[in-house]
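Undergrad: Dropping the sequence and predicted coords here.
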Amino acid sequence: MRIKIYILALAMLVAATVSAQSVNYEKRYELLVSQVGPGGIGVETLLDKWQAVDSTNHKMLSARFDYYLAKSQSEQVIKKSQKKYLGMEPLLSLKDSTGVPVYYFREMLYDDELFAKALKTADMLVSLYPDDLDYRFLKANALVAYEKESPDMAYAYLSDLITENASRTRPWNYEGKKMERGFFPEAMQEYCRSFYLVGGEAAMNVFFSLSKRLWELYPSNVCFLSNMATYYLVAQDDPKTALKYYNKVLKKVKDDETALRNSYVAASKLNNDKLKEKYRKQLVQYGYAK
């Protein structure tokens, strides 16, 4: 019995020592990053030492992910003919020799090998902490940024996550707290919005496909129905179909501002003055216009 107690006490002492060392490395890491950034000189060496004493520490692994992601990134300035690119405003705009506007944007490039290491670290976090949505989002966010206008991997990853969530019985954790069921669809709406802002045919198709699937799973969340309407209005230039979807939104939420404003736009595209006046009056009625 004494031997068992001794072994237990020894195990507790070792755990306490590891915890103290890990806290020390965490403080040293935070100080270093404040000075050199997540991918700066000395960060990898410090992370290696931290990992040697606490290989499954979630803060260490998150820091490792940030390191690889930061090291994989480089910026370039590109010129485009459109006023927006990947949802961004231009850094500056000039005119070429013929007087045509040219817009300059900052674009992030990625080293594939280092980016793959970041994803591998995110996968390790997910395998160690499967109930923590934070680490699912680490990978999803990285994929969205990496793929830009061709979000095939991001779409596949989010689709799998939606499937997993649909069969879950346990709540997700996020930032150390248990989340209510409504948190997940709200988070997915943010990803839908990201694809919409990126624009382009492929990203808009993902915007629609995710919104359609989420609407089927969460019919009380009219934002997904509104997304589908917006897809027809913006991507397909089909205001007639868009109005049908917006009207479905308004049947559920009669004062939905987005649906009312976009219905007015759709009516304008259809040159339907009667419909325009209808939605204008409703916008005034609910205080969205004067």
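TA: Thanks, I have the structure now.
Undergrad: Now for the closest residue to Lys80 other than its chain neighbours: which residues touch it?
TA: Nearest residue to Lys80, sequence neighbours excluded (CB to CB, 6 or more residues apart in numbering): Tyr103, at 5.2 Å. The C-beta positions use only the backbone N, C-alpha and C, and glycine is treated the same way. Contacts for Tyr103 (CB atoms under 8 Å, 6 or more residues apart in numbering) come out as 79-83, 85, 90, 92-93.
Undergrad: repeat that for 10 Å
TA: For Tyr103, the contact set (CB atoms under 10 Å, 6 or more residues apart in numbering) comprises 78-85, 88-94.
Undergrad: could you flag which of those residues are buried?
TA: The neighbour-count criterion (16 or more other CB atoms under 10 Å) marks 85, 90 among the contacts of Tyr103 as buried.
Undergrad: what are the ranges of the helices in the stretch 151-290 of the chain?
TA: For the stretch 151-290 of the chain, the helices defined by DSSP state H, counting those that start in this stretch cover 152-166, 183-198, 201-217, 222-230, 239-252, 257-269, 273-285.
Undergrad: orientation of the shortest one relative to helix 239-252 in degrees?
TA: Orientation note: helix 222-230 sits at an angle of 160 degrees relative to helix 239-252 (axes from the mean of the first three to the mean of the last three CA atoms, to 10 degrees).
Undergrad: The chain should start at 23 in everything you say after this.
TA: Fine by me, first position is 23 from now on; the one you just mentioned is helix 244-252.
Undergrad: who touches Phe205 in this structure?
TA: 155, 193-194, 196, 199.
Undergrad: and what of Asp134?
TA: 94, 168.
Undergrad: Repeat the analysis, applying 8 Å as the threshold.
TA: Ser94.
Undergrad: and what of Val256?
TA: Shown in contact with Val256 (CB under 8 Å, 6+ apart): 218, 226.
Undergrad: go again using 10 Å as the cut-off
TA: Applying CB under 10 Å, 6+ apart, the residues contacting Val256 are 218, 221, 226, 229, 264, 284, 287.
Undergrad: Reformat these as CSV; add distance to Leu239.
TA: Formatted as CSV, the contacts of Val256 follow (distance: CB to CB, whole Å):
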residue, distance to Leu239
Tyr218, 19
Gly221, 25
Met226, 21
Phe229, 16
Ala264, 22
Asn284, 23
Val287, 28
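Undergrad: Mind checking which of the residues you listed are buried?
TA: 218, 221, 226, 229, 264, 284, 287.
Undergrad: Out of the residues you listed, the closest to Val148 would be?
TA: Set against Val148, the nearest of the buried ones among the contacts of Val256 by CB to CB is Phe229 (24.7 Å).
Undergrad: do you know how far the closest one is from Met250?
TA: Distance, Phe229 to Met250, by CB to CB, to the nearest Å: 9 Å.
Undergrad: before we move on, back to that, so can I have CSV of the contacts of Val256 showing distance to Lys303 and pLDDT?
TA: Below are the contacts of Val256 laid out as CSV (distance: CB to CB, whole Å; pLDDT from 0 to 100):
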residue, distance to Lys303, pLDDT
Tyr218, 28, 96
Gly221, 32, 91
Met226, 31, 97
Phe229, 30, 98
Ala264, 20, 98
Asn284, 16, 97
Val287, 16, 97
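Undergrad: for the stretch 23-172 of the chain, what spans make up the strands?
TA: For the stretch 23-172 of the chain, the strands defined by DSSP state E, counting those that start in this stretch occupy 95-102, 114-117, 123-132.
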